[in-house]
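> just the structure for this:
(4 chains)
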Number of protein chains: 4
Amino acid sequence: MAGNTFGTLFRVTTAGVSHGPGYMCIIDGCPAGLELSVEDLLPDLARRRPGQSKLTTQRDEADQPEIWSGVFEGKTDGTPIGILFRNSDQRSSDYAAIRDKYRPGHADYTFDARYGHRDYRGGGRSSARETICRVAAGAVAKKLLARAGIRIIGYVVQIGPIRATVADPTTITLEQVEASPSRCPDPQTARLMEELIETVRKERDSIGGVCELVAVGVPPGLGEPVFDKLKADLAKALLSLPAVVGFEYGSGFAAAQMRGSEHNDLFIPAGHVHPPPADPAVPALATPTNRHGGMLGGISTGQPIVCRVALKPTSSIPRPQRTVDRSGSPTEILVKGRHDPCLLPRFVVMGEAMLALVLVDHWLRAQCCRLQQLPELSPSRPATSPHPRPPDG
Amino acid sequence: MAGNTFGTLFRVTTAGVSHGPGYMCIIDGCPAGLELSVEDLLPDLARRRPGQSKLTTQRDEADQPEIWSGVFEGKTDGTPIGILFRNSDQRSSDYAAIRDKYRPGHADYTFDARYGHRDYRGGGRSSARETICRVAAGAVAKKLLARAGIRIIGYVVQIGPIRATVADPTTITLEQVEASPSRCPDPQTARLMEELIETVRKERDSIGGVCELVAVGVPPGLGEPVFDKLKADLAKALLSLPAVVGFEYGSGFAAAQMRGSEHNDLFIPAGHVHPPPADPAVPALATPTNRHGGMLGGISTGQPIVCRVALKPTSSIPRPQRTVDRSGSPTEILVKGRHDPCLLPRFVVMGEAMLALVLVDHWLRAQCCRLQQLPELSPSRPATSPHPRPPDG
Amino acid sequence: MAGNTFGTLFRVTTAGVSHGPGYMCIIDGCPAGLELSVEDLLPDLARRRPGQSKLTTQRDEADQPEIWSGVFEGKTDGTPIGILFRNSDQRSSDYAAIRDKYRPGHADYTFDARYGHRDYRGGGRSSARETICRVAAGAVAKKLLARAGIRIIGYVVQIGPIRATVADPTTITLEQVEASPSRCPDPQTARLMEELIETVRKERDSIGGVCELVAVGVPPGLGEPVFDKLKADLAKALLSLPAVVGFEYGSGFAAAQMRGSEHNDLFIPAGHVHPPPADPAVPALATPTNRHGGMLGGISTGQPIVCRVALKPTSSIPRPQRTVDRSGSPTEILVKGRHDPCLLPRFVVMGEAMLALVLVDHWLRAQCCRLQQLPELSPSRPATSPHPRPPDG
Amino acid sequence: MAGNTFGTLFRVTTAGVSHGPGYMCIIDGCPAGLELSVEDLLPDLARRRPGQSKLTTQRDEADQPEIWSGVFEGKTDGTPIGILFRNSDQRSSDYAAIRDKYRPGHADYTFDARYGHRDYRGGGRSSARETICRVAAGAVAKKLLARAGIRIIGYVVQIGPIRATVADPTTITLEQVEASPSRCPDPQTARLMEELIETVRKERDSIGGVCELVAVGVPPGLGEPVFDKLKADLAKALLSLPAVVGFEYGSGFAAAQMRGSEHNDLFIPAGHVHPPPADPAVPALATPTNRHGGMLGGISTGQPIVCRVALKPTSSIPRPQRTVDRSGSPTEILVKGRHDPCLLPRFVVMGEAMLALVLVDHWLRAQCCRLQQLPELSPSRPATSPHPRPPDG
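Okay, the predicted model is just below:
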């Protein structure tokens, strides 16, 4: 249980470090028959890629995936999908200075404390480059979800003190999000955010923010009632990403100030626009408000799933900072290398990927929860069939 | 993967519903040799129990645990710890009205959508009475953690708009928390909170709030670097509790507004007061500030773990609310029964339990991560030993 | 991972010891909607029960199950099925002598070596009474399998040197098996076996044997191709039962002597008697011989699954045996209590239960392996639906 | 749970097919600090390699591993070990004939039945080339086990009707095994076996056999008492290998004919030659006979672990065989390609690898089963430490 696998029925296992030969990603449990090629992975990988705009780090990473297995003649074949990424552009020398010093806000110290020995080149296993595997797996998950009518979108709603107003999260399109380098779908706020990030960058500093993630078309009934609540698995998935320090769904922390009479979303019969329950005996309902963020009792209601995560400011800032070295002596460190002054724009697609991975896993898990979903003995198929015994058995 | 098991090495599996014969809890993976008796479980169960004060529901549940296995002659024996709770005081009639109507804010509709069939008596499996198993398991986890020097405490920091000021989370004692029915350790704020809850109750309404959870004495090095980050598993654990709608650790959502230069916690050499890394070659460090909430890169730093969760207001309010029935027709519902106007006071011990379960699991997981921790071949123990072969084998 | 849970999608977790208050069994993952009551569990529990005939131990165990949860209004409801068994008839005094002595062939020494502390009353956790939970869970699994057209049967084919000839394993009925106390379906051989067991019992000794287990109606396509091959999970399941020392399927160990030209089963088109593949594009095939025991590449072929397990003779024999005590000194032990002189007759239903648990698990796992099995977005269900945003979210 | 991962604490996940770009193997959970390089993997990979002798297939596979992660500066660093194998020598044309015909004894039909779509080139995912990943992971496991004093050895004891006599399995050395191409440690029998294999090959046929696997130096106490018995996990591990059709340990199927009085191994105090229990309060015992194959109650006793597996004859034989094609019509097939006439010689190292993987997993699992093994709060490490609260948290 060393923690490099995510999911139960749709399982992602990864290996690799930022300054080794590359990354491996194995997706186990993808159903056979899904059309899939490298091209399906490229758009999201491009959105994750460093160097997209002046808001992001100018590293030029080679993000070309190679599918080594699991796809045959253009379709998944039920066997594990193996995806490979080769590393390039490794300026290991940038990291020589941090070999014996603990960078504030980073995992350097905690890796040493845990393993007694760490790959100090570029963060090693804790480098955010590891998310390349998650984004690739997320692209596969999104393709599967799309077939089931589930669409996922993420966008930036806050950078530092600047907040965007998004009236209806479910109407935001990918085009709106991608229109601005900040990935805030409100163009005017986006411009303010970009100015702030640029200012922060010039001041050799960094800034935090909030990303909102939405899934529409989720049928009611996804999620397990007790420990594996959908909200719980979403929280885990998103907090497993670097720099995420908070998660909320629906009204979230604002609910702490509310009364039941104002917080409860009241049910109404749903029209044709809502995904109905799989069981035709159960009515399709809706709630005109969605303070519950699409989940009640840990199970999806059919309303859009809406959640938000807070990211801390990038820990690597191009300023000298006081710290301690491996011998325990106080020292000063100046972290070189190229780092995003704000993680939010590139985070969006990572958040979407984790949301997609959780939903596809729970969507598969939901296929076996009622007897009516399962194949039954047909009258033409008798349960026994006579067989001569093998002479040697 | 039906989601009624929590943990990897310290695993808790539960079954039971609020209006059946009772609950079963199986704890698998508790090391042998821990002194344990029913008395160890009672204090936390009493803190979870309904009817403790006028702030909580006046139901009188029988919360007496029976240990059926896993403890022999006063000590755990390595086999699964089976704990049983019998239900009593079942007023099923209270729930007859909700049989065919979906309570707003509850899991009634989502259970039907998922399973096509649900136990409508008192919430069935989604009743918060299920947390009785978690609190019992949490008490076992706390006892194990105490032996390792890890102490856990939770308390209420916000009810509706009223917020407490807790200067140093690590100094709060159980006595301070238990001194007020609201479980807010600041006596003056506690009184205001209790007045607000009483007002809300009289107005046939409910109110949300925030609970802060703290673990001190956690050694550096707990947590897996990628998917099973300590922060991720904490988020999952806490979001798996009913009514929790948000999680943050350290500076949390406030970090979204901060700059890296003000957010980074700087390392200093630690004195003797801090838990050192298990590996003597790695120095003991500290950070005078703790905006990182005790975790970097998903791994504990040795600083106190500090996190907060937001709870929505109780969904059951003694007022008529519009809803829909099982046939899809609009109707009105009046939820009877006795319900807490505010979940926070009783939540504290549930939150502590989940924090304890995550920490004990990761503490066990951390025992095998370095070769030096593991037993080695001693020179007096040769690897081979001659044996005559059994004549028949 | 302390090993008290079995299965992935259909998961059984157990706790309990022979001389404590009783046993708990939690079945997680049973689909909702299966009609289930205590009566469904009784027939197999009666087959497992001690004291059925003079061939089995005369202990009178109370084997009455109580279903605590997971069944509502006569049907499973998707939540975990909790089953309870209370112990009675505990003659702990019988076991006082073995407190400090290690019984040959038993787990006494290995429990001490592992946990440093053990429940010495009647075998504690390693008592075969633990199989009561497996048999109850197996009865639920069988009921689910029957609905899918899969029938399971086991019987005794060897006791000591006496072997039965079973020409066609798939024609054996439960009635034939239950007709003799030895559970050998060949009446004449059964009588010889029963005489041998009686002789052995009188000689204060015990005897081993072989049980054959068969599943008919298994559709082709169950089993995962690499590590979780159906044959591998069957082997694990059956070897996890006490006293089992060998497993083979199809031609088994006899295959070691065979040539490929005589071992390969040749395919022919199948008539209507065989379960067809789920995918209509794949033809239904059969093999007139079944040396492959119904599995190729670890996946079911649609032919009957046929396997055999060897059991050692009962370790508890009412004779003095040399051994060592807890202080390491040589001593002599006389194991009292009532023990089966041959485990096979009562083993049959335990073996069937484990076979059923593996098949039901893989049957559920097979529901998500092809895209065509999964629900798709219907044109009438758009992927997005406009929602006003909650004012507070 | 798609079955491409093996183990719990020491977990191996694989992907790849015989005629794609190559294989990926991710080992998660290897403790940090183990010296490891590609050279450690080569000897066992060479033993698995085709074309070693005329007894084995003459394919020339490129079996050079590349370690992509998990090893830093010559030592494992606790992060997942990623190993890559590139394929070469792909004569896809050899397999064109089998695209639409089901090879007898192979997984062609069952893959189609399961997934509706299969990689027909050289067996695809069910190719035995997949074991290259297992052998590499097994080499890592063996290195870890060697440090704990555990040594693993396998050898051939039967080919067709020819059986070897191995008086004491624990004295067999790797040199003795590798001395003959058949990997039978008895030189005279080895010669007979090799002659038989050569005869069979000339007759365009194949032959089965039995491999014995031994682990010495295993400390008492490995294995979980109920479902995850050591014997159960060994059975699963070995049956998960291609062509294995039977497993037994200790006296195995021969025990079915034995009486308790002759089968029970009696305990004696052990001298210094045996691995003692981890708990010094428990004495070191031995049994002069080892009919129990080193395991009682599913837990290791400290005696050598001895088990045997039966392999069927190679299914691919260079003769025309009757079969059915994908449309369901009868046809004839002639399997081309180069295939081992007997799988046993190359199987030995695969069996050793699986034995090593199970033992290393249970060895890690055994590190947390007693409280005395775990670190305790030292008096100099207080459980609390005062901290000023971060102003923003």
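> how much space separates the most centrally placed residue in chain A from chain D?
Within chain A, one residue has its C-alpha closest to the average C-alpha position: by C-alpha atoms, centre = their mean, that is residue A:354, at 2.2 Å. The gap separating residue A:354 from chain D is 19 Å, by C-beta to the nearest C-beta, to the nearest Å. Every residue, glycine included, has its C-beta placed from N, CA and C.
> can you tell me the element that residue falls in?
Element membership of residue A:354, judged by DSSP states H and E, is helix A:344-365.
> can you show me the strands along the stretch 1-150 of chain A?
A:5-6, A:11-16, A:22-28, A:65-69, A:71-72, A:75-76, A:81-86 (DSSP state E, counting those that start in this stretch).
> which of these is buried the deepest?
Greatest average neighbour count among these goes to strand A:11-16 (a mean of 28), per mean count of other C-beta atoms under 10 Å in any protein chain shown.
> touching chain C at all, that strand?
No - with C-beta under 8 Å from any C-beta of the partner chain as the criterion, chain C is not reached by strand A:11-16; the gap is at least 11.3 Å.
> still on that earlier bit, among the strands of the stretch 1-150 of chain A, which is nearest chain B?
For chain B, the closest of the strands of the stretch 1-150 of chain A is strand A:5-6, at 4.3 Å, according to C-beta to the nearest C-beta.
> let me know whether the closest one sits next to chain D.
Yes - applying C-beta under 8 Å from any C-beta, one finds strand A:5-6 touching chain D at residue A:5.
> average pLDDT across that strand?
Throughout strand A:5-6, pLDDT has a mean value of 98.
> check which helices and strands that strand sits against.
The criterion is 3 or more C-beta pairs under 8 Å, 6 or more residues apart in numbering or on different chains; DSSP states H and E, and the helices and strands that strand A:5-6 contacts are strand A:11-16.
> which outside residues touch the strand it packs on?
Surrounding strand A:11-16, the residues in contact under the criterion C-beta atoms under 8 Å, 6 or more residues apart in numbering or on different chains are A:4-6, A:22-29, A:85, A:125, A:129-130, A:133-134, A:137, A:357, B:226, D:1-2, D:5, D:13, D:26, D:28, D:68-70, D:79-82.
> what do you get if the cut-off is 7 Å, keeping everything else the same?
A:4-6, A:22-29, A:130, A:133, A:137, A:357, B:226, D:2, D:5, D:13, D:26, D:68-70, D:80, D:82 (C-beta atoms under 7 Å, 6 or more residues apart in numbering or on different chains).
> who does that strand pair up with?
Sheet pairing here is set by DSSP bridges, and for strand A:11-16 it gives strand A:5-6 (antiparallel), strand A:22-28 (antiparallel).
> burial count for the residue of the stretch 51-200 of chain A at minimum distance from chain B?
Using C-beta to the nearest C-beta, the single residue of the stretch 51-200 of chain A nearest to chain B is residue A:107, 2.3 Å away. Neighbours of residue A:107 under the rule other C-beta atoms under 10 Å in any protein chain shown: 28.
> give me the pLDDT for it.
Looking at residue A:107, its pLDDT reads 95.
> could you do residue A:43 as well?
So residue A:43 comes in at 96 (pLDDT).
> ok, and the closest non-adjacent residue to it?
Spatial nearest neighbour of residue A:43, excluding adjacent residues (C-beta to C-beta, 6 or more residues apart in numbering or on different chains): residue A:139 at 7.5 Å.
> can you count the residues close to the one you found?
By the measure other C-beta under 10 Å, the count of residues near residue A:139 is 22.
> contacting residues around it?
Counting by C-beta under 7 Å, 6+ apart, residue A:139 touches A:40, A:41, A:44.
> all helices of chain A, in order?
A:38-48, A:108-115, A:131-147, A:174-178, A:187-202, A:230-239, A:260-263, A:344-365 (DSSP state H).
> so which bits of the first one are buried?
Put plainly, it is helix A:38-48. Across helix A:38-48, burial judged by 16 or more other C-beta atoms under 10 Å in any protein chain shown covers A:40, A:41, A:42, A:44, A:45, A:47, A:48.
> now tabulate those residues in TSV and tack on distance to residue A:280.
Formatted as TSV, these follow (distance: C-beta to C-beta, whole Å):
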residue	distance to residue A:280
A:40	33
A:41	37
A:42	40
A:44	35
A:45	40
A:47	39
A:48	41
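> what's the farthest-apart pair in those residues?
A:40 and A:48 (14.5 Å; C-beta to C-beta).
> now, which of the contacts of residue A:139 sits nearest chain C?
Checking the contacts of residue A:139 against chain C by C-beta to the nearest C-beta gives residue A:40 as the nearest, at 14.6 Å.
> so what's the closest one up against?
Listed by C-beta under 7 Å, 6+ apart, the contact set of residue A:40 reads A:139, A:143.
> if we can go back for a sec, now distance to residue D:287 too, for the strands of the stretch 1-150 of chain A, in JSON lines please.
Below are those laid out as JSON lines (distance: least, C-beta to C-beta, whole Å):
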{"stretch": "strand A:5-6", "distance to residue D:287": "40"}
{"stretch": "strand A:11-16", "distance to residue D:287": "41"}
{"stretch": "strand A:22-28", "distance to residue D:287": "42"}
{"stretch": "strand A:65-69", "distance to residue D:287": "47"}
{"stretch": "strand A:71-72", "distance to residue D:287": "52"}
{"stretch": "strand A:75-76", "distance to residue D:287": "52"}
{"stretch": "strand A:81-86", "distance to residue D:287": "46"}
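> quick check: mean pLDDT of stretch A:263-279?
For stretch A:263-279, mean pLDDT rounds to 84.
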